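> turn this into a model:
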Amino acid sequence: MTDHPAIRVYLVDDQRMVGEAVRRLLSEEPNLVYDYCQDPEQAVAGAEAFEPTVILQDLVMPGVEGLSLVERYRDHETLKHVPIIVLSSREEATVKADSFARGANDYLVKLPDKVELLARIRYHSTAYRHLLERNAAFAALAESQQALADELAEAAEYVRSRLPAEMDNEIAVRWDFESSTSLGGDAFGYHWMDDDNFVCYVLDVCGHGVGAALLSVSAMNVIAARTLRDIDFREPDQVLAGLNAVFPMEQHNNMYFTIWYGVFNRPTRRLRFGTAGHPPCLLYHAGQREPERLVATALPIGAIPGVSYPVGETTIPVGGSLYLYSDGVYEVQKTSGDEMSLDEFVDIIADLRDRGEGVKNVRDVVAEIQGRPTFDDDFSLVELKFS
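Residues are numbered from 1 along each chain as shown. The predicted structure follows:
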């Protein structure tokens with residue numbers, strides 16, 4: 001209706017002289033179009049074709065009662081919100097109440113004064129146009145949100161497709177990944193670099209959306225393809241420094257990422273690791289409830305150029321289990337309103353290990369704690385068992 005005059009008045013009255021009288025009352029009003037229907041049987045079809053901003057509906061007509069037409073308008077998909085002013089020859093409270101109960105917006109005794117009639121027509125037409133504009137804006141917003149949701153879902157599926165398959169050899173790997181509703185920037189990976197060295201890592205890009213997902217996949221591809229020049233990927237400090245040089249935040253829409261990167265040497269069973277702003281990974285010894293928290297504190301990747309990254313080192317015992325994760329697994333709001341702590345998450349892992357349950361059960365426990373199945377951040381959890 002944006003191409004139509006601002007006011008479109010549609011009168012339904014069986015008396016032609018009333019139709020002519022109303023026409024004359026409205027004839028000098030600028031930006032107003034008037035249409036008249038004498039046959040009540042054609043009223044609904046005529047209104048649908050005319051697209052009024054207000055309907056003037058006579059109350060008493062032969063063949064079809066005026067209030068029956070009011071109900072028909074309200075049941076019609078395109079007319080149900082059009083303002084209706086009932087015109088009656090009587091000023092009766094019960095008739096007014098019945099008119100409003102059946103869907104009328106206003107009530108006038110005909111023929112009203114020109115000033116009053118125009119004032120009410122302008123008022124109802126303006127309100128109706130505002131309603132149409134709001135509905136159009138909401139429809140456009142819903143369409144945009146759906147397009148964004150589809151885009152995020154597609155990006156989340158792409159990230160998932162880049163994650164490695166689970167493993168069942170001397171290092172058994174299981175993982176659980178669930179993208180948040182707004183798509184976080186989590187990614188993880190693991191692979192044998194050679195016969196003796198096994199690489200595992202998890203990273204988390206700041207922020208949400210497709211941009212964060214793209215940066216995480218880019219970093220994951222760099223590590224998987226070993227495309228950093230003059231870098232020994234068996235050395236965590238070199239890898240983190242190389243990533244920091246390649247992904248400065250000012251060149252990536254001010255996004256940075258945290259990462260935990262470890263290299264397990266099979267002959268010595270030594271695990272050397274570096275941490276760039278990421279939470280500590282958890283190493284559980286067989287039969288022990290309290291894990292060793294593996295962290296070598298340093299700034300996130302991309303935050304400041306030229307940062308050095310310390311290397312931590314530990315021994316992986318036979319039967320040990322290593323858990324890599326992002327902060328989305330524990331930074332959730334509990335039903336009590338408090339935020340879950342890392343210590344509480346560590347206890348969840350320990351409890352599940354005591355019951356012989358694995359990584360696939362953790363998300364259900366955390367979801368129950370927060371009282372809903374969806375997460376505000378990506379949920380990434382990787383379990384590595386060393387035989």
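
> CA only for contacts and neighbour counts going forward, please
Noted.

> elements contacting the lowest-mean-pLDDT helix or strand in the chain?
Least confident helix or strand of the chain, by mean pLDDT, DSSP states H and E, is helix 114-162 with a mean of 86. Judged by 3 or more Cα pairs under 8 Å, 6 or more residues apart in numbering; DSSP states H and E, helix 114-162 is in contact with strand 7-12, helix 16-26, strand 54-58, helix 210-225.

> how does it look with 7 Å?
Where contact means 3 or more Cα pairs under 7 Å, 6 or more residues apart in numbering; DSSP states H and E, helix 114-162 is packed against strand 54-58, helix 210-225.

> now render the ones you listed as a markdown table, adding distance to residue 248 and mean pLDDT.
Compiled in a markdown table, the helices and strands packed on helix 114-162 are given as follows (distance: least, Cα to Cα, whole Å; pLDDT from 0 to 100):
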| stretch | distance to residue 248 | mean pLDDT |
| --- | --- | --- |
| strand 54-58 | 60 | 95 |
| helix 210-225 | 11 | 90 |
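
> orientation of the least confident helix or strand of the chain relative to strand 7-12 in degrees?
110 degrees (axes from the mean of the first three to the mean of the last three Cα atoms, to 10 degrees).

> quick check: next helix or strand after helix 114-162?
Later in the chain than helix 114-162, the nearest helix or strand by DSSP states H and E is strand 167-168.

> let me know the average pLDDT across that following strand.
Mean per-residue pLDDT for strand 167-168: 92.

> neighbouring strands - and their directions - for it?
Take DSSP bridges as the rule and strand 167-168 pairs in its sheet with strand 171-178 (antiparallel).

> ok, residues contacting the strand it pairs with?
Applying Cα atoms under 7 Å, 6 or more residues apart in numbering, the contact partners of strand 171-178 are 166-167, 359-360, 378-387.

> returning to what we had before: pick the most deeply packed of the helices and strands packed on helix 114-162.
strand 54-58 (a mean of 26; mean count of other Cα atoms under 10 Å).

> next helix or strand past it?
Next along from strand 54-58, by DSSP H and E: helix 66-75.

> may I see the buried residues of that following helix?
Neighbour-count burial for helix 66-75, counted by 16 or more other Cα atoms under 10 Å, picks out 66-67, 69-74.

> quick one: it to strand 7-12, angle?
Using the same axes, to 10 degrees: helix 66-75 against strand 7-12 is 130 degrees.

> what's the first helix or strand after helix 66-75?
From helix 66-75 onward toward the C-terminus, using DSSP H and E, the following helix or strand is strand 84-88.

> show me how far that following strand is from its chain's centre.
Distance of strand 84-88 from its chain centroid, counting by Cα atoms, centre = their mean, to the nearest Å, is 45 Å.

> mean confidence score for the helix or strand that comes right after that strand?
Following strand 84-88 in sequence order, the next helix or strand is helix 93-101 (DSSP H and E). Averaging pLDDT along helix 93-101 gives 92.

> and helix 93-101, which residues are buried?
96, 99-100.

> need those residues in JSON lines with distance to residue 350, can you?
Below are the buried residues of helix 93-101 laid out as JSON lines (distance: Cα to Cα, whole Å):
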{"residue": "96", "distance to residue 350": "71"}
{"residue": "99", "distance to residue 350": "68"}
{"residue": "100", "distance to residue 350": "65"}
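
> what's the domain layout of this protein?
Following automatic domain parsing, the chain resolves into domains at 7-136, 163-386.

> of all those, which one is nearest residue 146?
Among those, the nearest to residue 146 by Cα to Cα is domain 163-386 (12.2 Å).

> thinking again about what came up before, just the contacts of strand 171-178: which are in strands?
Among these, the residues falling in strands (DSSP state E) are 167, 379-386.
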